[in-house]
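Participant: Using only what follows, build the 3D model:
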Amino acid sequence: MTIISKPMNLGVLGSLLHFGEVPDFLRQLLTQKNLVHAFAGALGGITSLSVFFPLDTARTRLQVDDQRKAKTTWKVIYEIFQEEGLSSLYRGLLPVLSSLYCSNFVYFYTFNGLKAAYISKNAPETVMVDLLFGFLAGVINVLITTPLWVANTRIKLQGVNLKSEEMNKKVQYKYTGLVDAVQQIFREEGFRGLWSGTRASLVLATNPAIQFTVYETVKRYMRGINKELPSWKYFVIGAIAKTVATILTYPCQVAQCKQRSGYWKDESKRPNFIIIIAQILRQGGVKGLYKGLEAKLTQTVLTAAFMFLTYEKILTFTFSLLGVEKRK
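Facilitator: This is a model prediction of the structure:
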């Protein structure tokens with residue numbers, strides 16, 4: 001086929017699909033640099049989430065609990081603290097950190113591995129390259145780690161005081177930990193339960209793709225002016241990137257959170273995320289699709305900004321110890 005005989009005419013995909021280059025492609029994936037990127041991304045993620053976890057708790061409650069009167073992040077946090085105590089703000093922290101570590105490791109390893117293999121062919125870094133590899137890394141991450149995030153949503157909601165009586169009756173769990181939650185969901189709901197919200201997650205693979213595209217593009221531009229960036233610039237670039245990605249993909253995040261909550265686990269037919277979005281529109285209009293956005297932006301932007309800052313610092317420190325040049 002012409003596609004195979006002239007791979008360079010296809011740009012990114014052509015370079016990666018050329019049969020003769022597969023061994024070199026695999027060698028570029030299995031490198032020390034990619035492992036460092038993966039560990040730095042994983043450690044940066046759990047460090048930042050540990051700092052801002054109560055914001056994530058508030059965001060989940062706002063997305064799932066339709067009858068909650070408090071509409072702002074800080075009011076929800078105060079309400080949870082008053083009614084359920086300080087520990088409730090950190091419910092499910094350890095399982096979330098475990099899942100986030102695995103998720104970030106997979107994502108950063110895949111994203112940087114694909115880019116390293118592509119750049120090794122002296123191909124230029126472009127916005128489309130970042131977007132493509134960011135999306136592919138997101139899809140791989142979703143397919144591998146979705147069960148962990150479904151279990152996390154359930155753990156964070158078990159024993160909570162939801163304002164919606166119907167949700168309170170249906171969303172009752174008794175899990176002892178992440179592994180127990182995964183096992184129980186599989187026994188009661190099968191593979192379908194463990195991969196609840198996968199379609200929404202695959203759509204949401206555009207979120208990290210957009211985030212990394214904006215981050216890498218702005219970072220390349222700023223490094224063109226000043227090769228060494230101060231810490232605060234990494235923080236600002238990370239915040240900008242996550243803000244853009246979150247606003248563009250938030251309605252799907254709301255639908256995904258509702259799917260993972262297990263509200264429909266006893267019903268014979270689960271609505272897909274498109275039907276859920278339609279239901280939200282009927283009940284609350286466009287505002288319903290962005291319910292909890294303020295909490296999400298507060299939590300995710302601060303978390304992502306701090307994560308990128310930590311990630312870059314860990315990279316610099318580790319590469320300096322190894323005597324390896326940090327890829328710009």
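Participant: Can you give me the buried ones in the helix or strand that contains Arg59?
Facilitator: Arg59 is part of helix 32-64 when elements are defined by DSSP states H and E. Buried residues in helix 32-64, counted by 16 or more other C-beta atoms under 10 Å: 33-49, 52-64. C-beta: built from backbone N, CA, C; applies to glycine.
Participant: So which elements touch the helix or strand that that helix is followed by?
Facilitator: With elements assigned by DSSP H and E, the helix or strand that comes after helix 32-64 is helix 73-84. For helix 73-84, the packing partners by 3 or more C-beta pairs under 8 Å, 6 or more residues apart in numbering; DSSP states H and E come out as helix 32-64, helix 86-89, helix 293-322.
Participant: Compute the inter-axis angle for the last one and helix 73-84.
Facilitator: For helix 293-322 against helix 73-84, the angle between stretch directions is 100 degrees (axes from the mean of the first three to the mean of the last three C-alpha atoms, to 10 degrees).
Participant: can you redo the helices and strands packed on helix 73-84 as CSV with mean pLDDT and distance to Ala255?
Facilitator: Below are the helices and strands packed on helix 73-84 laid out as CSV (pLDDT from 0 to 100; distance: least, C-beta to C-beta, whole Å):
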stretch, mean pLDDT, distance to Ala255
helix 32-64, 87, 9
helix 86-89, 86, 25
helix 293-322, 87, 13
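Participant: Please name the residues that touch the nearest residue to Leu202 once chain neighbours are set aside.
Facilitator: Leaving aside its sequence neighbours, Leu202 sits nearest to Val142 (C-beta to C-beta, 6 or more residues apart in numbering; 5.7 Å). Counting by C-beta atoms under 8 Å, 6 or more residues apart in numbering, Val142 touches 198, 201-202, 204-205.
Participant: repeat that for 10 Å
Facilitator: The contact partners of Val142, taken as C-beta atoms under 10 Å, 6 or more residues apart in numbering, are 103, 106-107, 149, 195, 197-205, 208.
Participant: Would you mind measuring from it to Ala209?
Facilitator: 12 Å (C-beta to C-beta, to the nearest Å).
Participant: re the thing from before, and the residue nearest to Leu202, what are its phi and psi?
Facilitator: Per-residue torsions, Val142: phi -60, psi -50 (degrees, to the nearest 10).
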